[in-house]
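> Here is a sequence with its predicted model. Questions after.
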Amino acid sequence: MLLFLGRRVPLSFVHRVTTCCPSSLSKPIWLIKLRSLTSTTHRTVFVSAASQNTRIMPERRPFVRLPTDVYPVNYGLSLKPDLIDFTFEGKLEAVVEVTQATNQIVMNCADIDIITASFAPQGGEEINATGFNYQNEDEKVTLSFPSALQKGSGSLKIDFVGELNDKMKGFYRSKYTAPSGEIRYAAVTQFEATDARRAFPCWDEPAIKATFDITLIVPKDRVALSNMNVIDRKPYPEDENLVEIKFATTPIMSTYLVAFVIGEYDFVEGQSSDGVTVRVYTPVGKAEQGKFALEVATKTLPFYKDYFSVPYPLPKIDLIAIADFAAGAMENWGLVTYRETALLIDPKNSCASSRQWVALVVGHELAHQWFGNLVTMEWWTHLWLNEGFASWIEYLCVDHCFPEYDIWTQFVSADYTRALDLDALDSSHPIEVNVGHPSEVDEIFDAISYSKGASVIRMLHNYIGDEDFRKGMNAYLLKFQHKNASTEDLWDCLEQASGKPIAAVMGSWTKQMGFPIIVVDQEQVSDDRILKISQKKFCASGPHNGEECPNWMVPISICTSEDPKCTKLKVLLDRPETTITLSGINTDQWIKINPGTVGFYRIQYSSSMLESLLPGIRDLSLQPVDRLGLQNDLFSLLHKQADMQEEKNRIERVLGAISAPDLIQKVLNFAISVQAPVCEPSGVVWRLFSKYVIDEWMQL
Ligand code: BES
Ligand code: ZN
């Protein structure tokens, strides 16, 4: 049993626990990855390690990126896995470019034994490498040559062997039970972030893109898949039980997106309306269970094509359920891998929340085919943008394909409120973290990158407006397609498209940790409503008492009781406080900040404003997400205001009113279907089981 945000989490829920101390953090943090038992439960979450503060964290490990005097243009890669001995043999024939004469080639390599290596300049004589110097800590190898390799093109040949490991990273073995009951193994890959180097020596950095020609030599009764379609299949001359399968050349791509799978699978196939062949591979005998994901994928591809105005560039996409899989899913270009619970739906025995989860995961990974695969982050520091963007647009896509799910309400109850809860802790960290050594890269796949990242992109989309946002996205994808880009490159494109100060606004959310609480008071002067708005840092531990109070550039929207769904006024709060006048507002109209609960901040209304919202809560004219956001803010403020009895009573009254029957019913149904109270400590379900709600529930 483990303490998780002050609540107990059975160890059976915990999938991965690591400690970390990103450079910007003063306190250690536990990173806990919860298994995907239910809809939203396997994202990584941050937990502050209150009891760990005596622990001495290791120093940051020194790290240098690969030299660029030799870089790859094309990898001709042939692999022959042995599914009985759990080893593989590999042959690399890479076309490389030497930019500066050198007698060394430095590449990434981990847990691989190089047998021979040679270099042949174009049209010249082959030179054998005379030394392989492994720098195990840095996961690199230096190949030394007896004479200098001259500037120009050449061919680098390396023969190597490796182990099909059981670590669920690199090229690994995955155990499954055949329909006969026999235990068998598949060979699969998981390369993100830095594990392609465990399958073949390579330049394993996202900015070092090249094309790939992959050949797999496999038992003839097994399915073999890779990023591209098969272009040749022939008997393997040295063993009649094997076949040699050759795949088409990939577009230029990063190593972490390369994938291959060898195993026994059934599949269902479809065609998206834009002509892409889509297959969902399932365990043998379970093809039926791939039909829902196939429907999602065939709807999703045209949605993204239309949204980005850029077609999917490969002729096929395969989605495959892997028996042993560490993450939830992985966006390998053209061959997306999933853990079984994130892809398969048993049509006879599945609940709505499982279908919603599969739709979100498929939507997430297919978004990466453009945002991540076609345009790739220049370095892992920008990983938050990759994951934050996909974690936002997966909801946009599911909302488009399945409007009946009302999926944005779940975004607010899952990602948004979780991000606010975690980011209010002193142990949080800025979204953008500088990373270097591979050991630091894994640490940033956390709830701040995913959930806060998605929340600030949702706020940005709302601030820019859909039309200009799409314009900017399209410009970004076209400008950087088949290349690499940084967070600033996206801000530039969105700034051009919208004419708004995107880099300045977003920098205030991504470069500093935490978020503001917006304090609002109002005054009526004849037909005008005058709002006094100010910001200060919201801290779960009490008022911010650092030297300098940080400020954010906060997009603020305002609606009134006249039309609670429609924004009446938008302002950018770019200073500690401001005054806004809304004209033509009667005394009996209420004002609400942040309609749709899209701004990443909490709101503290004056007592009179809070009281005035009661009718909108009671008659349900305030939308469910707004009642949810209000309830969430009040609950977090209640802790802080425990000593102010009068204000506390007022907040309790509004909280009681918010837990209206329709919302209770909806959330309880959800809670019962996914047993959410156990694993969703910061979300709406937990709130609804709070004292106020249970009191009201009993009276219904
Ligand atoms: N790129 C990630 C997969 C990943 C995560 C690789 C961590 C290496 C380390 C993928 O796009 C992803 O985000 N997967 C999520 C599921 C998604 C629906 C949120 C995951 O695995 O948790
Ligand atoms: Zn992702």
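Structure's in. What do you need? Ligands and ions are numbered 1, 2, ... in the order given.
> From here on, just use CA atoms for contacts and neighbour counts.
Will do.
> Up against ligand 1, what does the stretch 401-550 of the chain have?
Listed as neighbours of ligand 1 in the stretch 401-550 of the chain under the rule Cα under 6 Å from any ligand atom: Phe445.
> As a check, name the ranges of all strands in the stretch 401-550 of the chain.
In the stretch 401-550 of the chain, the strands defined using DSSP state E, counting those that start in this stretch lie at 483-485, 516-525, 528-537.
> Pull the number of nearby residues for whatever residue of the stretch 251-400 of the chain ends up closest to ligand 1.
As assessed by Cα to the nearest ligand atom, ligand 1 sits closest to Gly328 within the stretch 251-400 of the chain, at 3.3 Å. Residues within reach of Gly328, counting by other Cα atoms under 10 Å, total 17.
> Nearest residue to it in space, please, no chain neighbours.
Arg339 (5.6 Å; Cα to Cα, 6 or more residues apart in numbering).
> Any idea what that neighbour is bridged to?
Note on Arg339: beta-bridge partners Ile322, judged by DSSP bridges.
> And it, how far from Ala287?
15 Å (Cα to Cα, to the nearest Å).
> And for Phe119?
Taking Cα to Cα, one finds Phe119 at 46 Å from Ala287.
> For the two, indicate the residue with more neighbours.
More neighbours surround Phe119 than the other of Phe119 and Ala287, with 23 against 18 (other Cα under 10 Å).
> Nearest residue to Trp379 in space, please, no chain neighbours.
Closest residue to Trp379 apart from its sequence neighbours, by Cα to Cα, 6+ apart: Pro206 at 6.3 Å.
> need the contact list for that neighbour.
By Cα atoms under 8 Å, 6 or more residues apart in numbering, the contact set of Pro206 is 254-256, 376-380, 484.
> Quick one: classify it as helix, strand or coil.
coil (DSSP: H, G, I helix; E, B strand; the rest coil).
> Just want the phi and psi numbers for the residue of the stretch 251-400 of the chain closest to ligand 1.
phi -80, psi -40 (degrees, to the nearest 10).
> tally of neighbours for whichever residue of the stretch 501-650 of the chain sits closest to ligand 1?
Residue nearest to ligand 1 within the stretch 501-650 of the chain: Thr510 (18.7 Å; Cα to the nearest ligand atom). Neighbour count of Thr510, defined by other Cα under 10 Å: 22.
> so Phe200 sits in a strand?
No: looking at Phe200 with three-state DSSP, it is coil, so not inside a strand.
> Skip the chain neighbours and tell me the closest residue to the residue of the stretch 451-600 of the chain found nearest ligand 1.
Closest contact between the stretch 451-600 of the chain and ligand 1, by Cα to the nearest ligand atom, is at Ser451 (9.1 Å). Leaving aside its chain neighbours, Ser451 sits nearest to Asp415 (4.8 Å; criterion: Cα to Cα, 6+ apart).
> And the pLDDT at the one you found?
We have a pLDDT of 95 for Asp415.
> same deal with Lys316?
Per-residue pLDDT puts Lys316 at 98.
> excluding its backbone neighbours, what's nearest it?
Closest residue to Lys316 apart from its sequence neighbours, by Cα to Cα, 6+ apart: Thr277 at 4.7 Å.
> Quick one: residues contacting that neighbour.
So Thr277 contacts 269-271, 315-317 (Cα under 8 Å, 6+ apart).
> Need the buried ones from these selected in PyMOL.
Only the buried entries of these go into this PyMOL selection, using 16 or more other Cα atoms under 10 Å:
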select buried, resi 269+270+271+316+317
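> Thank you kindly, that will do.
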